[in-house]
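Enquirer: Sharing a sequence plus its predicted fold:
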Amino acid sequence: MAAEYAQTDQFRGARIHLCELAGLEVRDCEVSGLKIVDCYGSDVYLGGEFGRVVVNDVDVTAYVQAELDRQHPARVLARDAASPDDYRAAWDAVETLWDATLVRARRLPEATLQERVDGEWSFVETQRHLLFASDAWLSNAVLEEAAAYHPLGVPAGGTPPDESTKLGLTLEASPTLDEVLAPRRARMATMRQVVDGLTEADLDRVCRRKPAEFYPARDYVVRHCLKVVLEEEAEHHRYAVRDLDALDADTSRPSR
């Protein structure tokens, strides 16, 4: 069984030389300044938020961002939202995307929607994470609801388990898609109500709560909180469609 390292700084500033690293996976890590030099291989995959990426001395950052924007225009609407109308337009796009994608997902067996592709969240887990995102950034921070967190929510990877427990989350649960969609649709309906009534004054209001207790202590403005919800929806829709493509391809193969 492969060794696993978690929540350690023992590799900070390390130099790995003449080692066999095929199949190495680095997940939910801080990698600023990471260098991979004079290495060789195939099927190298990078995924995450990178301020600057240079491949063989070519800065590919702008190209990658432009191509992602071209393929997924909703992420542009989410990222660039500034006025109340912008937020409404971005949420319109999010709702439209998920409506179509959920129709597609329901063509697959429930068991397939619970499968992970390359270690990423399953389709159902993605819905659970988006449930948490709306609970934290909308229900708790913006709306200050008394019971903001649904127990089926899943926070970002790397969140300490005890913090999830404090919020009443049951990460070990194995809900069906319909069981997750019931509260998720309710949260989406709440987001619709919020953006429909949004004003400039609303956007500039400083929230009295953090998204969750383990988030940094700073000012959280409504416009930022709502933008996080929009960006989470757009990005995780991209991931979900990518993985549905793989699941569709797998289920279409003839059985032996």
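Expert: Done, it's in. Numbers count the residues shown, from 1 in each chain.

Enquirer: Now do the contacts for Asp86.
Expert: Asp86 makes contact with Leu77, Asp80, according to C-beta atoms under 8 Å, 6 or more residues apart in numbering. Glycine gets a C-beta too; all of them are placed from N, C-alpha and C.

Enquirer: after the helix or strand hosting it comes which helix or strand?
Expert: Taking DSSP states H and E as the criterion, Asp86 maps to helix 84-105. Downstream of helix 84-105, the next assigned helix or strand under DSSP H and E is helix 110-113.

Enquirer: Give me the contacts around the helix or strand following that following helix.
Expert: Per DSSP H and E, helix 110-113 leads on to helix 123-134 as the next helix or strand towards the C-terminus. Outside helix 123-134, the residues that touch it by C-beta under 8 Å, 6+ apart are 105, 113-114, 116, 121, 149-150, 152-156, 169, 175-177, 180-181, 183-184, 187-188, 190-191, 228-229, 232-233, 236, 239-240, 243-244, 247.

Enquirer: In ChimeraX, how would I select the buried members of those residues?
Expert: Selection of the buried residues among those in ChimeraX, burial being defined by 16 or more other C-beta atoms under 10 Å:
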select :105,113,121,149,150,152,153,154,155,169,175,177,180,181,183,184,187,188,190,191,228,229,232,233,236,239,240,243,244,247
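
Enquirer: Please flag which of the contacts of helix 123-134 sit within helices.
Expert: In this view, those that belong to helices under DSSP state H are 105, 113, 177, 180-181, 183-184, 187-188, 190-191, 228-229, 232-233, 236, 239-240, 243-244, 247.

Enquirer: quick one: contacts for the nearest residue to Ala90 once chain neighbours are set aside?
Expert: In this structure, Ala90 finds its nearest non-sequential neighbour in Leu77, 4.0 Å apart by C-beta to C-beta, 6 or more residues apart in numbering. Applying C-beta under 8 Å, 6+ apart to Leu77 gives the contacts Asp86, Ala89, Ala90, Ala93, Leu230, Ala234.
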